[in-house]
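[1] sequence first, then the predicted structure:
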Amino acid sequence: MTVKLTVENAVQAKKEIENLVTQGYSHDEIYLFAHDKKRSDDITDALDTEKVGVVEQGFLDSLKNMFSSRGDELRNKMEAVGLSSEEAADAEKELDQGKLILIAKK
């Protein structure tokens, strides 16, 4: 089961992550996305969520993302952790507005 949540900031993200953990998700099953890569890395590290890597995407998609725009990279990663291409496109639009996306996947 995949759950997608949109939050405004890291404080709200922390609260939602705590809720997901109480629902039985582990930190390794929760992914956080932000449009700015540094912001994403900083919040992911601070809140101990998982990063989308080769395991989730596969080697070729990971390699392709190195040469893609940030928007394409984000959509690919969100699809890799359970969103449809349409859901990922909608989520990327929310990221463009400065919001954070949390995706929890069992």
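    Thanks, I have it. Keep in mind that what you see is a predicted model, and the values were worked out from it rather than measured.
[2] can we go C-alpha only for contacts and neighbour counts from here?
    OK.
[3] so where is the chain shaky, pLDDT-wise?
    Applying pLDDT under 70 to the chain picks out residues 50-68.
[4] contact partners for I101?
    Listed by C-alpha atoms under 8 Å, 6 or more residues apart in numbering, the contact set of I101 reads K4, L5, T6, V7, L32, F33, A34, A91, E94, L95.
[5] now it: how far from A34?
    If you measure I101 against A34 using C-alpha to C-alpha, to the nearest Å, the figure is 7 Å.
[6] same question, A10
    10 Å.
[7] shared neighbours, I101 and A34?
    L95.
[8] okay, now Q23: neighbour count?
    9 (other C-alpha atoms under 10 Å).
[9] phi first, then psi, for it.
    Main-chain dihedrals, Q23, degrees, to the nearest 10: phi -90, psi 0.
[10] just the helices in this protein please.
    10-22, 37-47, 54-57, 59-65, 70-80, 85-96 (DSSP state H).
[11] can I get these in a markdown table including distance to K106 and mean neighbour count?
    Shown next, in a markdown table, are the helices of the chain (distance: least, C-alpha to C-alpha, whole Å; neighbours: other C-alpha atoms under 10 Å):
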| stretch | distance to K106 | mean neighbour count |
| --- | --- | --- |
| helix 10-22 | 11 | 16 |
| helix 37-47 | 18 | 15 |
| helix 54-57 | 12 | 14 |
| helix 59-65 | 21 | 14 |
| helix 70-80 | 13 | 20 |
| helix 85-96 | 18 | 17 |
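[12] D28: which of these is closest?
    For those, distance to D28 was read as C-alpha to C-alpha. The smallest value, 10.2 Å, belongs to helix 10-22.
[13] ok now the closest one, how far from the chain's centre?
    Relative to its chain's centre, helix 10-22 lies at 14 Å (C-alpha atoms, centre = their mean, to the nearest Å).
[14] which neighbours do A10 and A34 have in common?
    Common neighbours of A10 and A34 (C-alpha under 8 Å, 6+ apart) are L100.
[15] for the closest residue to A104 other than its chain neighbours, what are its contacts?
    Counting by C-alpha to C-alpha, 6 or more residues apart in numbering, A104 lies nearest to I30, which is 4.3 Å off, once chain neighbours are set aside. I30 makes contacts with I17, T49, E50, L102, I103, A104, K105, as judged by C-alpha under 8 Å, 6+ apart.
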